[in-house]
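>>> I'll drop the sequence and a predicted model, then ask my questions.
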There are 2 protein chains.
Amino acid sequence: MATTIKDIAKMAGVSAATVSRVLANKEGFFGSSTAKKVREAAAKLGYRKNTSATELVTRKSHDLAVIVNATKTNFSNHIIDGIQAAAFPKDLNVIILYAGDFDAERQRRAINTAVNRSVMGILLLSVEVNDDNLDLLKSAQIPFCFLSISETDESLPFITSDDEEVGYLATKYLYQQGHRNIGIAGINYKNAITGELRLHGYKRALKEFKLQENPDWISAGDYSYESGELAMSTYGRNTKLTGIIAGSDMAAIGIMNQARSLGLSVPDDISIVAIDGTELCEIVQPQLTSVSQSFYEMGTLGVDWLLNKDKKVTKTITPIKVIERQSVKRLTGKNSF
Amino acid sequence: MATTIKDIAKMAGVSAATVSRVLANKEGFFGSSTAKKVREAAAKLGYRKNTSATELVTRKSHDLAVIVNATKTNFSNHIIDGIQAAAFPKDLNVIILYAGDFDAERQRRAINTAVNRSVMGILLLSVEVNDDNLDLLKSAQIPFCFLSISETDESLPFITSDDEEVGYLATKYLYQQGHRNIGIAGINYKNAITGELRLHGYKRALKEFKLQENPDWISAGDYSYESGELAMSTYGRNTKLTGIIAGSDMAAIGIMNQARSLGLSVPDDISIVAIDGTELCEIVQPQLTSVSQSFYEMGTLGVDWLLNKDKKVTKTITPIKVIERQSVKRLTGKNSF
DNA sequence: AAAAGCATTGTAAACGTTTGCGTAAAATGT
DNA sequence: ACATTTTACGCAAACGTTTACAATGCTTTT
């Protein structure tokens, strides 16, 4: 039904091999007059290359799979933008697959589709894989790289912010603004390395600045709006906290809105610094001061890494910085010392 | 290199055909003892099916392509969630392809990858295709359907809200709340049907309620935050407007923030109703009253449509409703009559 | 006990492309 | 004028599956 190179061959009066060479632009393997005939025939017949056949024989793909979890945060788009931007000039098609949130089965299926199609590389966007799926990933001989997530296993390649530093920097910033009672909320430090590291950085800063660590001020969550809300209502109206670090922009907004519900004003009564720094920080009022990550860059570096032959470096760190907006108040006087 | 069905056949002492049948679970075509042998061998060898080969011979795919434009709005996720939910039980893999914003070339490439892979169907998420790309889409014998966008061409299948009604309903709601000077902003009515229809609904409502139409109150845009901001600053501090319809949630937020910058309070000085009704409406303060669309449902209906054999119905309308939150003030007294 | 049906398996062709090899003609060198 | 290289192209195998058809041995029916 669909036209094949044989149809073109017949119409152009050449062999299928020649058609293939012309259409693949194998320079120097065909004459210009035949080339024209072939191309005209192809156009006339509305030829469409069959990717399956090509991939079957060449055993390689021009597709790059991105597996994202249906996350409640919203920076994925930025990373994907970066990936697209880097992939486009290299003529790579980016295909995006959703893995459920922490649904192992959906995750497995996503990895499987990527692997069975023998894509040229797999980028995993803030997805935590379980051991089975990791094996699956490894057993296929396809390069893969985690993005926006830290791994402890030194052999696993990943590109992300220095998460320990993220936690440290946020804390330090609040400290420098005069805050002494600093909480952290909405991060998952229970079974995810990224969260652990951030918490660790937070604690390191506390120690360095000789601030007391209060377990009640550390509130676990899943980076969602709701976990921000929840944390803030647990802290309560009369909290001693003057500054809170939020695991994500969404969590920060949850905190802020809940604070407001409690009759607390941001930043006058309570300061917030968000981790991520997406556009959400700017559309909300007051705008959120953030420790901003380089999401776009994670994307571009991700495809660079896949394209790079010698996969020696496994850990790549992208820059972070605090962007001052309006959600942190500078404390002076007795509050600060 | 990678293990094939033949390797399994050898190890299990059967033919490749049998292996194929077992692995594809063609019930009634193999004995249970051979089945076990085959499956064990497959597991031991770490067999992974080659999708290209399968698709080549069967000429069909279990993949469903979703083409989304890198939109500045944010409801795509909801539609995609719906698609995933409907596709999962049918064992369809959803692969998502980004087309640039209005970049015809990127669009072409996205369509091409989908078509060349002969996916079983294509869903286009609020993407407007040009004529060439439409031809491309049609010439492939693959069912496709537009989501979250209206089409005039009766032969093109699409699933979306009744856009004319969206505009009408938003206007009517504001009217019922006592507003008489109603503007509309951030929608693209210049070269997109969706926007045209909404504007038309708006005008119809004005006419029905005998309100005057003022060209200055109709502000074109692209549904973005920025276009909301811009519209509001053009309206200015001393606008006669009491109510504004925003093309999207993001646009609504842009309007709201800009209004605030001008010293106007929402909803006391100016009311806003957003079109879309995503979670953004709820995280912002005041929360945005919206004409909410059924995005999730568009997704599920989309895959239903693709799966449906007789593709007779080309136009499917999903429900809309206004969700009252906090951004619209009820006007009484002299303002309203 | 022959005929017919069924369950199970194998054989081989087909899907549409790429590419190593071979070859004829044309171009180049001597 | 002959040897050599280059250019342009065809032939045919290969990629890993699926599946129509045939073949085998059983079981059931009559």
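Noted; the coordinates are in hand.
>>> just the buried positions in stretch A:222-241, please.
Counting neighbours by 16 or more other Cβ atoms under 10 Å in any protein chain shown, one finds that the buried residues in stretch A:222-241 are A:222-232, A:235, A:239, A:241. (Each C-beta comes from the backbone N, C-alpha and C, glycine too.)
>>> just the terminal-to-terminal distance for it.
With Cα to Cα, to the nearest Å as the measure, stretch A:222-241 spans 21 Å from end to end.
>>> how about the helices in chain A?
A:5-12, A:16-23, A:32-45, A:51-58, A:76-87, A:104-116, A:131-139, A:163-176, A:193-208, A:225-235, A:249-261, A:280-283, A:295-307 (DSSP state H).
>>> buried deepest among those, which one?
helix A:249-261 (a mean of 25; mean count of other Cβ atoms under 10 Å in any protein chain shown).
>>> could you check whether that one is close to chain B?
Yes: using Cβ under 8 Å from any Cβ of the partner chain, helix A:249-261 reaches chain B at A:250, A:253-254, A:257, A:260.
>>> from these, pick the one nearest DNA strand C.
A:Met250 (45.4 Å; Cβ to the nearest atom of the strand).
>>> nearest spatial neighbour of A:Gly195, skipping sequence neighbours?
Nearest non-adjacent residue to A:Gly195, counting by Cβ to Cβ, 6 or more residues apart in numbering or on different chains: A:Tyr189, 3.8 Å away.
>>> what's across from the closest residue to A:Phe158 other than its chain neighbours in the sheet?
Spatial nearest neighbour of A:Phe158, chain neighbours left out: A:Phe146 (3.8 Å); criterion: Cβ to Cβ, 6+ apart. A:Phe146 has these beta-bridge partners by DSSP bridges: A:Leu124, A:Phe158.
>>> quick check: the gap between A:Phe146 and A:Thr194.
Going from A:Phe146 to A:Thr194 by Cβ to Cβ, to the nearest Å gives 10 Å.
>>> based on its surroundings, how many neighbours for A:His62?
For A:His62, the neighbour count with other Cβ atoms under 10 Å in any protein chain shown is 16.
>>> touching, it and A:Ile95? I think so.
No: look at A:His62 against A:Ile95 with Cβ atoms under 8 Å: they stay out of range, at 10.5 Å.
>>> sorry, back to before: turn the buried residues of stretch A:222-241 into JSON lines, columns for distance to B:Glu213.
Formatted as JSON lines, the buried residues of stretch A:222-241 follow (distance: Cβ to Cβ, whole Å):
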{"residue": "A:Asp222", "distance to B:Glu213": "48"}
{"residue": "A:Tyr223", "distance to B:Glu213": "46"}
{"residue": "A:Ser224", "distance to B:Glu213": "43"}
{"residue": "A:Tyr225", "distance to B:Glu213": "39"}
{"residue": "A:Glu226", "distance to B:Glu213": "43"}
{"residue": "A:Ser227", "distance to B:Glu213": "47"}
{"residue": "A:Gly228", "distance to B:Glu213": "43"}
{"residue": "A:Glu229", "distance to B:Glu213": "42"}
{"residue": "A:Leu230", "distance to B:Glu213": "47"}
{"residue": "A:Ala231", "distance to B:Glu213": "49"}
{"residue": "A:Met232", "distance to B:Glu213": "46"}
{"residue": "A:Tyr235", "distance to B:Glu213": "51"}
{"residue": "A:Thr239", "distance to B:Glu213": "53"}
{"residue": "A:Leu241", "distance to B:Glu213": "53"}
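>>> looking at the residues you listed, which is nearest B:Asn116?
Nearest to B:Asn116 out of the buried residues of stretch A:222-241 is A:Tyr223 (Cβ to Cβ; 37.6 Å).
>>> next up, phi/psi of the residue lying closest to the closest one once chain neighbours are set aside, please.
Counting by Cβ to Cβ, 6+ apart, A:Tyr223 lies nearest to A:Ser248, which is 4.1 Å off, once chain neighbours are set aside. Dihedral angles phi and psi of A:Ser248 (degrees, to the nearest 10) take the values phi -150, psi 170.
>>> OK, contacts around A:Ser248?
A:73, A:186, A:223-224, A:274-276 (Cβ atoms under 8 Å, 6 or more residues apart in numbering or on different chains).
>>> among those, which one lies nearest to A:Gly82?
Here the nearest of the contacts of A:Ser248 to A:Gly82, counting by Cβ to Cβ, is A:Asp276; it sits at 14.9 Å.
>>> name whatever forms a beta bridge with the closest one.
Listed by DSSP bridges, the beta-bridge partners for A:Asp276 are A:Ser292.
>>> was I right to think it contacts A:Leu288?
No: using Cβ under 8 Å, A:Asp276 makes no contact with A:Leu288, being 9.3 Å away.
>>> name the residues contacting each of these two.
Residues touching both A:Asp276 and A:Leu288 by Cβ under 8 Å, 6+ apart: A:Asp249.
>>> name the residues that touch stretch A:14-34?
Stretch A:14-34 is contacted from outside by A:5-6, A:8-9, A:12, A:35, A:37-39, A:42, A:47, A:49, using Cβ under 8 Å, 6+ apart.
>>> out of those residues, who's near chain B?
A:Lys49.
>>> could you dump the contacts of stretch A:14-34 to JSON lines with pLDDT?
Output for these, formatted as JSON lines (pLDDT from 0 to 100):
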{"residue": "A:Ile5", "pLDDT": "95"}
{"residue": "A:Lys6", "pLDDT": "95"}
{"residue": "A:Ile8", "pLDDT": "95"}
{"residue": "A:Ala9", "pLDDT": "95"}
{"residue": "A:Ala12", "pLDDT": "94"}
{"residue": "A:Ala35", "pLDDT": "94"}
{"residue": "A:Lys37", "pLDDT": "94"}
{"residue": "A:Val38", "pLDDT": "95"}
{"residue": "A:Arg39", "pLDDT": "95"}
{"residue": "A:Ala42", "pLDDT": "94"}
{"residue": "A:Tyr47", "pLDDT": "93"}
{"residue": "A:Lys49", "pLDDT": "94"}
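>>> could the contacts of stretch A:14-34 go into TSV alongside distance to B:Val328?
Below are those laid out as TSV (distance: Cβ to Cβ, whole Å):
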residue	distance to B:Val328
A:Ile5	62
A:Lys6	65
A:Ile8	62
A:Ala9	67
A:Ala12	66
A:Ala35	65
A:Lys37	67
A:Val38	64
A:Arg39	60
A:Ala42	58
A:Tyr47	56
A:Lys49	54
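>>> which of the contacts of stretch A:14-34 come close to DNA strand D?
A:Ala35 (Cβ under 7 Å from any atom of the strand).
>>> adding distance to DNA strand C, write the contacts of stretch A:14-34 out as a markdown table.
Compiled in a markdown table, these are given as follows (distance: Cβ to the nearest atom of the strand, whole Å):
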| residue | distance to DNA strand C |
| --- | --- |
| A:Ile5 | 4 |
| A:Lys6 | 6 |
| A:Ile8 | 8 |
| A:Ala9 | 9 |
| A:Ala12 | 13 |
| A:Ala35 | 14 |
| A:Lys37 | 16 |
| A:Val38 | 11 |
| A:Arg39 | 14 |
| A:Ala42 | 10 |
| A:Tyr47 | 7 |
| A:Lys49 | 5 |
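>>> picking up where we left off before, hang on, the residue nearest to A:Phe158 packs against A:Ile159?
Yes: assessed by Cβ under 8 Å, A:Phe146 is found in contact with A:Ile159 at 7.3 Å.
>>> quick one: pLDDT of A:Asn335?
A:Asn335 carries a pLDDT score of 45 in this model.
>>> which neighbours do A:Phe146 and A:Thr194 share?
Common neighbours of A:Phe146 and A:Thr194 (Cβ under 8 Å, 6+ apart) are A:Thr160.
>>> can you pull the residues of the stretch 51-200 of chain A lying near DNA strand C?
Contacts of the stretch 51-200 of chain A with DNA strand C, taken as Cβ under 7 Å from any atom of the strand, map to A:53-54, A:56-58.
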